[in-house]
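**Student:** the sequence isn't on hand, but the structure is:
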């Protein structure tokens, strides 16, 4: 590990060094354990391709143990008897610990995922803190309703009715590699606020922040078994968690392809599911939009997190009168971006998460070229031994091309001109996805005309990928089932029980 540290071009904190220097273990039932079969997985730095840590390769037996621990904690002991206000205080304490260890967590994300450490510090970790605090406040506000039942077939008696919202039970959570810590928080916040217990399976590419989070959960004082982390491969640990009959609710974020498999496995047990899946989000630039603001907004929409964002603005529809100027402005921004290792403080665009993902993105770019598109900027791998792809703007594309229709999940945007609102609405919706979209204009009459026509769970106006904990987040069509964040998320983590009293 010291040899790896010597290769870094920027220093890391002593806390990060301490964490990486110790053997990594899974958190199950209040104990730190190795995988049942003793296997391990290498963790790679995508900026160099070097392995710098090992985590347990958990499997079916480890999932069994974790689910049993979560079930025991849910049905008895301190957690089952805990009042809502105490769940609120525990989540607040956890948020404080995340905030106190923000730099370490950001460095782990930068080394593990490749994202710029400044982005991890002031976006990912800051959003985690806000999410935990927001969800903590809901712990004391989850409740049912009272009714005045009529019961028309029994008129001689009076009835009183009310509903209770009760925790759904043991939650299985499977999270992706693009925002490891934040996606864990999005699942654990409402689950723990509701009184559920959890088994978390992080992505095999980015397991470290989940393990560090488990340490902070323990430090915050959560009872054993409330929050468990099993590291391992998707087709072993992930598949076992998806199909486990002891899971009451499964929360998954990832690709649509894998989400369908997870959903089918869960359905056999009638497990409640929420699926936050892929996207191919359109950015629609109207004729009156400010060119400089659009260019900057489009750059953020597609190059943030190296384009590894489910809401990435990967289809840029620009009114033909502004097309050339917007493409020029966006291309100039892309050409000037500092591409480098995430741990370096001046990096603006980090590597992709893995060699597999790098080749996937480059393959899409090649397919675009083969079908007649061209690169206004970028279009090739970056320099160095890491998994870099230069920020890319493609033009001369058609709606039937793979680069237009399929989710690339990299720093690649396709810019296309259009003529009128009806045309662009039809083209924007011509996709199996429906996660998000943005409209760029100051003509509110046309904006309000366009919003109802867009088939997406979120529509931003004059911004893109701006999230707030009070706003429900999720997709239409094949972009998923259910919602994250806001009050709506508690529909996913509670059951409604009707009580009728004569």
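**Tutor:** Cool, the structure landed. What you see is a predicted model, and the numbers here were worked out from it, not measured in a lab.
**Student:** nearest residue to residue 219 in space, please, no chain neighbours.
**Tutor:** Nearest non-adjacent residue to residue 219, counting by CB to CB, 6 or more residues apart in numbering: residue 97, 5.9 Å away. Where C-beta positions appear, they are placed from N, C-alpha and C, glycine not excepted.
**Student:** these two touch, right, that neighbour and residue 216?
**Tutor:** Yes: contact criterion CB atoms under 8 Å: residue 97 and residue 216 qualify, at 4.5 Å.
**Student:** does residue 198 have beta-bridge partners, and which?
**Tutor:** residue 171, residue 227 (DSSP bridges).
**Student:** residues near it, how many?
**Tutor:** If you count neighbours by other CB atoms under 10 Å, residue 198 ends up with 27.
**Student:** then residue 57?
**Tutor:** 22.
**Student:** give the contact list for it.
**Tutor:** 35, 37, 39, 40, 41, 231, 232, 233, 236 (CB atoms under 8 Å, 6 or more residues apart in numbering).
**Student:** what about the strands in the stretch 351-500 of the chain?
**Tutor:** Using DSSP state E, counting those that start in this stretch, the strands of the stretch 351-500 of the chain run over 374-377, 392-395, 412-418, 433-434, 436-440, 458-461, 476-477, 480-481, 494-501.
**Student:** closest to residue 148 out of those?
**Tutor:** strand 494-501 (11.3 Å; CB to CB).
**Student:** can you list the strands that that closest one pairs with?
**Tutor:** strand 160-167 (antiparallel).
**Student:** residues in contact with the strand it pairs with?
**Tutor:** 74, 142-149, 194-196, 490, 493-501.
**Student:** quick one on the thing from earlier: turn the contacts of residue 57 into JSON lines, including pLDDT, secondary structure and distance to residue 486.
**Tutor:** Formatted as JSON lines, the contacts of residue 57 follow (pLDDT from 0 to 100; DSSP: H, G, I helix; E, B strand; the rest coil; distance: CB to CB, whole Å):
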{"residue": "35", "pLDDT": "98", "secondary structure": "coil", "distance to residue 486": "37"}
{"residue": "37", "pLDDT": "96", "secondary structure": "coil", "distance to residue 486": "41"}
{"residue": "39", "pLDDT": "97", "secondary structure": "coil", "distance to residue 486": "40"}
{"residue": "40", "pLDDT": "98", "secondary structure": "strand", "distance to residue 486": "39"}
{"residue": "41", "pLDDT": "98", "secondary structure": "strand", "distance to residue 486": "35"}
{"residue": "231", "pLDDT": "98", "secondary structure": "coil", "distance to residue 486": "30"}
{"residue": "232", "pLDDT": "98", "secondary structure": "coil", "distance to residue 486": "31"}
{"residue": "233", "pLDDT": "98", "secondary structure": "coil", "distance to residue 486": "33"}
{"residue": "236", "pLDDT": "97", "secondary structure": "helix", "distance to residue 486": "34"}
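**Student:** how about a markdown table for the residues you listed, with distance to residue 389 and neighbour count added?
**Tutor:** As requested, the contacts of residue 57 are exported to a markdown table (distance: CB to CB, whole Å; neighbours: other CB atoms under 10 Å):
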| residue | distance to residue 389 | neighbour count |
| --- | --- | --- |
| 35 | 33 | 22 |
| 37 | 36 | 13 |
| 39 | 31 | 15 |
| 40 | 29 | 15 |
| 41 | 24 | 20 |
| 231 | 27 | 28 |
| 232 | 28 | 27 |
| 233 | 25 | 16 |
| 236 | 29 | 20 |
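**Student:** burial count for the nearest residue to residue 435 once chain neighbours are set aside?
**Tutor:** Distance criterion CB to CB, 6+ apart; nearest residue to residue 435, sequence neighbours excluded, is residue 279 at 3.3 Å. The local packing of residue 279 (other CB under 10 Å) involves 29 other residues.
**Student:** residue 279 belongs to a helix?
**Tutor:** No: using DSSP: H, G, I helix; E, B strand; the rest coil, the assignment for residue 279 is coil, not a helix.
**Student:** middle-most residue in the protein, spatially?
**Tutor:** Most central in the chain under CA atoms, centre = their mean is residue 183, positioned 4.4 Å from the mean C-alpha point.
**Student:** residue 253 is in contact with that residue, correct?
**Tutor:** Yes: in this structure residue 183 lies within contact range of residue 253 using CB under 8 Å: 5.2 Å.
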